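[1] sequence below, structure please.
(one chain, ligands or ions: 1)
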Amino acid sequence: MLGRLNHVALAVPNLAAATAAYRDTLGAQLSEPQALPEHGVTVVFVDVGNAKIELLEPLGDASPIAAFLAKNPSGGMHHVCYEVDDILATRDQLKASGARVLGDGNPKIGAHGKPVLFLHPKDFFGTLVELEQA
Ligand code: CO
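    The predicted structure follows:
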């Protein structure tokens, strides 16, 4: 069911500062910032070859990462994203085994233009898990 690691997402309080650190200090290749109002974040992708790092800054008043940053003011690891072949079949299989899918249970279109879902961190040992259809 689980495919490749697609990205690790880091919540950051200041995207410009995080972008500068990854680009200038770490010498990484970065995307342009992309505002995703439906997800309440602005995102920059860091290309690390075998996967991506996603830098997330809150966007708007109801950002889903606002509470995380309130608890972790300097930022931190927010979620990991794995690829799956069939997101609806995977969702149904997970729900049947008792895992909780966040939101209304229907995939949203994620930052890469593909359907994504999130799984409750309490079901996966404290880590928020995103699934993206490959
Ligand atoms: Co993500």
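[2] buried residues, stretch 30-39. List them.
    Residues L30, H39 are the ones in stretch 30-39 that count as buried (16 or more other Cβ atoms under 10 Å). Heads up, the C-betas are built off the backbone N, CA and C, glycines and all.
[3] what is the end-to-end distance of that stretch?
    Length of stretch 30-39, first residue to last, Cα to Cα, to the nearest Å: 20 Å.
[4] ok, it near the ion or not?
    No. Judged by Cβ under 5 Å from the ion, stretch 30-39 makes no contact with the ion; its nearest approach is 8.5 Å.
[5] neighbours of the closest residue to R100 other than its chain neighbours, how many?
    In this structure, R100 finds its nearest non-sequential neighbour in H120, 3.8 Å apart by Cβ to Cβ, 6 or more residues apart in numbering. Look at H120: counted by other Cβ atoms under 10 Å, it has 12 neighbours.
[6] any idea how far E130 is from H120?
    Going from H120 to E130 by Cβ to Cβ, to the nearest Å gives 12 Å.
[7] do the same with F124
    11 Å.
[8] give the buried residues for stretch 60-69.
    For stretch 60-69, burial by neighbour count (16+ other Cβ under 10 Å) applies to S63, P64, I65, F68, L69.
[9] keep only those of the residues you listed that are in helices.
    F68, L69 (DSSP state H).
[10] just name the lowest-scoring one in the buried residues of stretch 60-69, pLDDT-wise.
    By predicted confidence, the buried residues of stretch 60-69 are weakest at P64, whose pLDDT stands at 89.
[11] which residues touch that residue?
    H39, G40, V41 (Cβ atoms under 8 Å, 6 or more residues apart in numbering).
[12] these into CSV, with extra columns for distance to D24?
    CSV is the format used below for those (distance: Cβ to Cβ, whole Å):
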residue, distance to D24
H39, 27
G40, 27
V41, 23
